[in-house]
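> generate a structure from the sequence data that follows.
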Amino acid sequence: MEMQIQSYLTFNGNCREAMNFYKQCLGGELWFQTVGESPLSEHMPPQMRESILHATLTKGSMVLMGSDMVPQSGLIKGNAVSMSLTCTSEEELRTTYASLAEGGSIDHPIEVSFWGALFGDLTDRYGNHWLLVFNKE
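Numbering: from 1, shown residues only. Presented below is the predicted three-dimensional model:
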């Protein structure tokens with residue numbers, strides 16, 4: 001098995017909602033583990049029991065993970081991390097782009113890039129940045 005990198009997103013209490021949105025947009029199998037279902041529950045305040053400790057959305061080789069476990073420093077949204085999604089067809093790119101853009105903002109509309117691929121990027125309703133590409137060749 002080769003080394004792999006997966007995206008891991010941190011949410012402030014809305015991980016379940018966001019991961020269900022990504023499943024709706026991307027398809028795949030979604031799995032959740034709450035704080036209450038883990039050994040951590042005895043060390044956490046009762047109101048944290050329904051928080052998502054770990055979520056995994058998988059579809060083929062795509063893996064997207066998430067959690068509600070915000071560090072004590074708080075959740076700081078920035079532009080240093082993006083999800084790059086290589087699509088298998090133009091139709092898949094356009095459909096997925098439209099789904100992810102719902103409630104978010106279009107940063108770069110879909111167009112043929114200077115390197116020959118169909119490309120577009122957006123920021124979804126949760127403030128996460130997505131790069132979508134389809135290599136026509």
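
> now do the SS call for Leu57.
What DSSP: H, G, I helix; E, B strand; the rest coil gives for Leu57 is strand.

> report the contact partners of it.
Shown in contact with Leu57 (CB atoms under 8 Å, 6 or more residues apart in numbering): Met19, Tyr22, Lys23, Leu26, Gly28, Glu29, Leu30, Trp31, Val63, Leu64, Met65, Gly66. Every residue, glycine included, has its C-beta placed from N, CA and C.

> dump those to CSV, plus neighbour count.
Output for those, formatted as CSV (neighbours: other CB atoms under 10 Å):
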residue, neighbour count
Met19, 24
Tyr22, 23
Lys23, 16
Leu26, 18
Gly28, 15
Glu29, 9
Leu30, 19
Trp31, 11
Val63, 15
Leu64, 23
Met65, 17
Gly66, 25
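
> which of those residues fall within strands?
Those of those mapping onto strands are Glu29, Leu30, Trp31, Val63, Leu64, Met65, Gly66, per DSSP state E.

> closest one to Ala101 out of these, please.
The shortest gap between Ala101 and any of those belongs to Leu64, at 17.0 Å (CB to CB).

> all set now, cheers.
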